[in-house]
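>>> Need a 3D model of the following:
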Amino acid sequence: MPKIYTKKIITVGNSMGVYLPIELRELGYEPGVEVNIGTSGSNIVITPKYVFKSRVRGIKDVNGELRPIFVHKDDKQQSLRYEDLRTIEQGNNLISFVKDQVDDKIFMYYVVLNKKKDVIQSVRGNYISKLAMQDIIVGKNPEYYIV
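Sure thing, here's the model as predicted:
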């Protein structure tokens, strides 16, 4: 169900309007995400221009480490900014590559699993180049690319 919100219309000079950057942030859109804005009757309709298949909703900095924020398991695996590229298994590591469509970068994150496939080390990640991604795919240790 779409979010319904009401905001005060402001007057700037002789024009009336709504300051959209604040509205978009309140609706959960990140800076740099392209949106389509239209009207339906007296309502402003805001829809994302692109939606990508992804398990990652965002990336946060925790004490200098970059960690992915995952889409809730009950929600659609879609993101307005991040697109899943590839997931590989390398020994005990499960490694995933995600493309940041806004910054045009590749984010690599991984978890260390035991033989029962339980997580024994938390998820960490870093932005990497396409060449580094190819190195990891052919077998290089992903920890070399975590700062």
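>>> So T47, which state does it fall into?
strand (DSSP: H, G, I helix; E, B strand; the rest coil).
>>> Just give me the neighbour total for it.
10 (other CB atoms under 10 Å). Placement of C-beta: from N, CA and C, glycine included.
>>> in the helix or strand D135 falls within, what's buried?
Following DSSP states H and E, the helix or strand that holds D135 is helix 130-137. Residues 132-133, 135-136 are the ones in helix 130-137 that count as buried (16 or more other CB atoms under 10 Å).
>>> Which parts of the protein are strands?
Along the chain, counting by DSSP state E, strands occupy 10-12, 15-17, 35-40, 43-48, 52-53, 56-62, 65-70, 78-79, 82-90, 93-100, 105-113, 119-128.
>>> Those into a markdown table, with extra columns for distance to N141?
Output for the strands of the chain, formatted as a markdown table (distance: least, CB to CB, whole Å):
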| stretch | distance to N141 |
| --- | --- |
| strand 10-12 | 54 |
| strand 15-17 | 53 |
| strand 35-40 | 40 |
| strand 43-48 | 36 |
| strand 52-53 | 28 |
| strand 56-62 | 22 |
| strand 65-70 | 17 |
| strand 78-79 | 27 |
| strand 82-90 | 8 |
| strand 93-100 | 8 |
| strand 105-113 | 10 |
| strand 119-128 | 13 |
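>>> Specify the beta-bridge partners of R67.
Per DSSP bridges, the residues bridged to R67 are K60.
>>> Give me the pLDDT value at it.
pLDDT, R67: 86.
>>> just V119 next, same as before
The predicted local confidence for V119 is 69.
>>> just the one 10 residues further on next, same as before
Looking at S129, its pLDDT stands at 89.
>>> How many residues are close by it?
When counting by other CB under 10 Å, one arrives at 11 neighbours for S129.
>>> So it sits against M108, correct?
No: contact criterion CB atoms under 8 Å: S129 and M108 do not qualify, at 10.0 Å.
>>> So for I95, what's the nearest residue that isn't a sequence neighbour?
Among residues not flanking I95 along the chain, Y110 sits closest, at 4.4 Å (CB to CB, 6 or more residues apart in numbering).
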